[in-house]
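Student: model this:
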Amino acid sequence: MPRRPLGARLPLVAAGTLAWLTLAAAAPVTRLDVEVDNMRSAKGMIRICLTADPDNFPACVNDANALTRSIPASIHTTSFPGLPQRGYALAIIHDENNNAKLDTFAGIPREGYGFSRDAAVRFGPPRFSAARFMVAGDAEIQQVKMRYIF
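Tutor: This is a model prediction of the structure:
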């Protein structure tokens, strides 16, 4: 089969590029700003997990698409830019001793924790549906209130 000259192929390349750009533009993205309130101290780290997967909430351990952040506890805000518009949930811990986990005593958290939409904690973490919020529009803000038992 004879190869077309470059001039004849350019319209096909341009059409393919235009189709890709149209598809990319059709998937709107936005930024999520997270503010953490009611911190007990500025010691340690704030560990944040953002997920859209109900099966991996709140741990995010087996969620390859989860987004995580670890920020100093003295800084109470962070952003997640370029998020596809959909439903997400946040789980946050205040890792005061900086050991990369939520310390517990008899199953009761000894460090601070919080969830998006201030989801209630009863006998264990809330369900994804209780913490779920929609990301839509140009920018969204979630304020998460930390809770401490001890």
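Student: Output the below-cut-off pLDDT ranges for this structure.
Tutor: 1-27 (pLDDT under 70).
Student: Could you pull up the contacting residues of the closest residue to Asp37 other than its chain neighbours?
Tutor: In space, and not counting its chain neighbours, Asp37 is closest to Lys145: 5.1 Å by C-beta to C-beta, 6 or more residues apart in numbering. Just so you know, the C-beta spots here come from the backbone N, C-alpha and C atoms, and that holds for glycine as well. Lys145 sits next to 37-38, 114, 118 when contact means C-beta atoms under 8 Å, 6 or more residues apart in numbering.
Student: Mind doing that once more with 10 Å?
Tutor: Residues in contact with Lys145 (C-beta atoms under 10 Å, 6 or more residues apart in numbering) are 35-39, 92, 112, 114-115, 118.
Student: Any chance of the residues you listed in CSV with neighbour count as columns?
Tutor: Formatted as CSV, the contacts of Lys145 follow (neighbours: other C-beta atoms under 10 Å):
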residue, neighbour count
Glu35, 12
Val36, 23
Asp37, 11
Asn38, 14
Met39, 18
Ile92, 23
Gly112, 25
Gly114, 25
Phe115, 23
Asp118, 16
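Student: Name the nearest of those residues relative to Pro126.
Tutor: Phe115 (5.6 Å; C-beta to C-beta).
Student: Can you name the residues bridging to Leu90?
Tutor: Leu50 (DSSP bridges).
Student: Which residue lies nearest the spatial centre of this protein?
Tutor: Geometric centre of the chain, nearest residue: Leu50, 2.3 Å, by C-alpha atoms, centre = their mean.
Student: Can you tell me how far that residue is from Gln143?
Tutor: Distance of Leu50 to Gln143, given as C-beta to C-beta, to the nearest Å: 14 Å.
Student: before we move on, back to that, in strands only, show me the contacts of Lys145.
Tutor: Counted as lying in strands by DSSP state E, out of the contacts of Lys145, are 35-37, 92, 112, 114-115.
Student: Looking at the residues you listed, spot the one nearest Pro125.
Tutor: Nearest to Pro125 among the ones in strands among the contacts of Lys145, with distances taken as C-beta to C-beta, is Phe115, at 7.3 Å.
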